[in-house]
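> got a predicted structure plus its sequence, pasted below:
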Amino acid sequence: MPSRNHLDKIGQKKKKKWTEKAMEKALIEVKSGRCTVRQAAKEFGVPKSSLGDRVSGRVTPGSRSGPAQLITSADEQLLVEFSLYMSKHGFPLTKQQVVSFASSIYKRQHRRVAFSKLGQTWWLNFRKRQEKNISIQPADSIVRGRTVCVRKEAVDQFFCLLSSVIEAHRLRDKPYQIYNCHELGFQLGRKRVNLPKSTSLGCKPVAGSRDHVSVLVCFSAAGEDIPPFIVYSKAYPGGVCYKTEGPLNALYGWSDSGCINSDLFKKWFLKHFLVWAPKERPLVLIFDGHKSPVNLEVVESARKEDIVLLCLPPYCSHILQPLDAGLFAELKQRFASLTDDTSAPNTHFAVSKKEFSSVFKKTYQLSKEEEGIRTVKEGFSKCGIYPLNRFAINGSNLMPSHSISSITEAKPSV
């Protein structure tokens, strides 16, 4: 695997000492008949062989030397703009994510190629070409790591970003244009299980005998919802009852783990959120994008549709996620009450994948009731999202301040 120093040395050895402008002038002189190839090469300081290739037509004038570029300059510029956008909205990309997005662009251009050719060499050359546009900074272990308390600087940076977005788009009095989406998980056992009184889940998983189902829930600060997205593990349940008996206008999908991934989030955003979201623009969509990174198509579509994507700081869901702060606890309690076994205290009936959608439909009905709508609004208020209030966050949940290097807007980190 080539190092950065090795590529720098190669670049120094092969760096050309002539300009395309000089080559164009030499080519004009030769084609006009005023000079021979040798004379023009000597006069304008360009290689005779390179000039001869252009005169004979073997090389197209203005073409770049070296191996063919894996992704076009226009697509590379799109990747840079994407990286800058993500960094400014709370999603600083890692090296692996940049290479992954670049690979998806490459595969889009070469659909018949089964694997990506982009690797360490491409990454190092990309960094060198774009060193004026992006900067590479080591991830802060406290920000990236899993901590008991959230660091104050991370919360302050998020509220600074949120405040600037709300002010710039004049959304201070428009709660119906500020949305939060989050994933709610359920473990479905195949047997009846005893649940301790302190549990918040409807069903406790039985070891080796459970299915995981996730529901992507999305609400505005005004209490208006986007129909839920239900994701099953491994495969859909048999039959069509899981759709016909589920929540109205719900979307369905599946993944190996039963959790939302990048492809499913793209499906939800492009084919569901954009369909059911209000036509007023702009919209703000707040979510935890670190577990399920958004992809290039989602960001392109969001910018085209005038939707601002805002990412919460890592591991801040318990204090900054409006749905976590209110509605989810109510939904879990309602789900548990619907599966109560009245003949045995503290015992719940297991729910199968086939039965889940019908049970969740009754659970989700809570969000349509006055109590549920009030709970959603209270969640946004508790987190200081709407009304915008930085001091709504309890300071006891935050780590003490200490200096960190901030990310500049001119050269966001990757």
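Done, it's in.
> hey, let's count contacts and neighbours off CA atoms from now on
OK.
> domain assignment for the chain?
4-56, 73-141, 150-394 (automatic domain parsing).
> can you list those domains in TSV and add mean pLDDT and mean neighbour count?
Converted to TSV, the domains of the chain look like this (pLDDT from 0 to 100; neighbours: other C-alpha atoms under 10 Å):
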stretch	mean pLDDT	mean neighbour count
domain 4-56	81	14
domain 73-141	76	15
domain 150-394	85	18
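> list the contacts for the spatially most central residue of the chain?
The centroid of the chain falls nearest to V294 when counting by C-alpha atoms, centre = their mean (2.2 Å). By C-alpha atoms under 8 Å, 6 or more residues apart in numbering, V294 lies in contact with 262, 265-266.
> so which of the residues you listed belong to helices?
262, 265-266 (DSSP state H).
> show me which of these is closest to G239.
F265 (24.6 Å; C-alpha to C-alpha).
> show me where the stretch 101-250 of the chain has its helices.
Using DSSP state H, counting those that start in this stretch, the helices assigned to the stretch 101-250 of the chain run over residues 120-129, 141-144, 152-168, 241-244.
> which of those helices sits closest to K107?
The nearest among these, by C-alpha to C-alpha, is helix 120-129 at 14.8 Å.
> what helices and strands are in contact with the helix or strand hosting K21?
Counting by DSSP states H and E, the element that carries K21 is helix 20-32. With contacts taken as 3 or more C-alpha pairs under 8 Å, 6 or more residues apart in numbering; DSSP states H and E, helix 20-32 sits against helix 37-44, helix 48-56.
> quick one: P387 from A222, how far?
11 Å (C-alpha to C-alpha, to the nearest Å).
> one step back: in CSV, list the helices and strands packed on helix 20-32 along with distance to L84.
Below are those laid out as CSV (distance: least, C-alpha to C-alpha, whole Å):
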stretch, distance to L84
helix 37-44, 40
helix 48-56, 38
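> quick one: the helices in the stretch 251-400 of the chain?
Under DSSP H, counting those that start in this stretch, the stretch 251-400 of the chain gives helices at 262-268, 274-276, 296-304, 317-320, 322-325, 327-338, 353-364, 370-382.
> can I get those in a markdown table including distance to S73?
Output for these, formatted as a markdown table (distance: least, C-alpha to C-alpha, whole Å):
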| stretch | distance to S73 |
| --- | --- |
| helix 262-268 | 25 |
| helix 274-276 | 30 |
| helix 296-304 | 16 |
| helix 317-320 | 38 |
| helix 322-325 | 41 |
| helix 327-338 | 46 |
| helix 353-364 | 47 |
| helix 370-382 | 42 |
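> closest to K107 out of the ones you listed?
Using C-alpha to C-alpha, these put helix 296-304 closest to K107, at 13.0 Å.
> centre of the chain to the closest one, how far?
10 Å (C-alpha atoms, centre = their mean, to the nearest Å).
> wait, R390 touches F159, no?
Yes. Between R390 and F159 there is a contact under C-alpha atoms under 8 Å: 6.4 Å.
> who's in contact with K234?
254-258.
> so can I have CSV of these showing distance to L323?
What follows is the contacts of K234, written out as CSV (distance: C-alpha to C-alpha, whole Å):
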residue, distance to L323
W254, 23
S255, 23
D256, 25
S257, 22
G258, 20
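> from the residues you listed, which land in strands?
254-255 (DSSP state E).
> and the contacts of K234, which is closest to C35?
Nearest member of the contacts of K234 to C35, counting by C-alpha to C-alpha, is S255, at 68.0 Å.
> mind jotting down where the strands sit in the stretch 151-300 of the chain?
178-189, 193-194, 210-220, 225-233, 251-255, 283-287 (DSSP state E, counting those that start in this stretch).
> report the beta-bridge partner residues of V284.
I178, V308 (DSSP bridges).
> surely it and L309 touch.
Yes. Contact criterion C-alpha under 8 Å: V284 and L309 qualify, at 6.1 Å.
> tell me who's in contact with the closest residue to C241 other than its chain neighbours.
Residue nearest to C241 in three dimensions, not counting chain neighbours: K354, with 7.1 Å by C-alpha to C-alpha, 6 or more residues apart in numbering. K354 makes contacts with 237-238, 241-242, as judged by C-alpha under 8 Å, 6+ apart.
> let's have the residues you listed in a markdown table, adding distance to T363.
A markdown table is the format used below for the contacts of K354 (distance: C-alpha to C-alpha, whole Å):
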| residue | distance to T363 |
| --- | --- |
| P237 | 19 |
| G238 | 22 |
| C241 | 17 |
| Y242 | 15 |
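> ok, of the residues you listed, which one's closest to K25?
Of all the contacts of K354, P237 has the smallest distance to K25: 70.3 Å, by C-alpha to C-alpha.
> quick one: the closest one from P175, how far?
The value you get for P237 to P175, if C-alpha to C-alpha is used, is 37 Å.
> just G253 next, same as before
Taken as C-alpha to C-alpha, the span from G253 to P175 is 29 Å.
> kindly report the same for Q130.
39 Å.
> got it, and K361?
Distance from K361 to P175, by C-alpha to C-alpha: 26 Å.
> repeat that for E245.
Taken as C-alpha to C-alpha, the span from E245 to P175 is 31 Å.
> now do S83
29 Å.
> what of K368?
17 Å.
> surely K382 is in contact with A325?
Yes. Counting by C-alpha under 8 Å, K382 touches A325, with 7.1 Å between them.
> coming back round to it: got the angle between the helix holding K21 and helix 37-44?
Orientation note: helix 20-32 sits at an angle of 140 degrees relative to helix 37-44 (axes from the mean of the first three to the mean of the last three C-alpha atoms, to 10 degrees).
> give me the angle between helix 20-32 and helix 48-56.
Using the same axes, to 10 degrees: helix 20-32 against helix 48-56 is 60 degrees.
> now helix 20-32, how far from the centre of its chain.
For helix 20-32, the distance to the chain centre is 48 Å (C-alpha atoms, centre = their mean).
> for that helix, which outside residues touch it?
35-37, 40-41, 43-46, 51, 54-55, 61-62.
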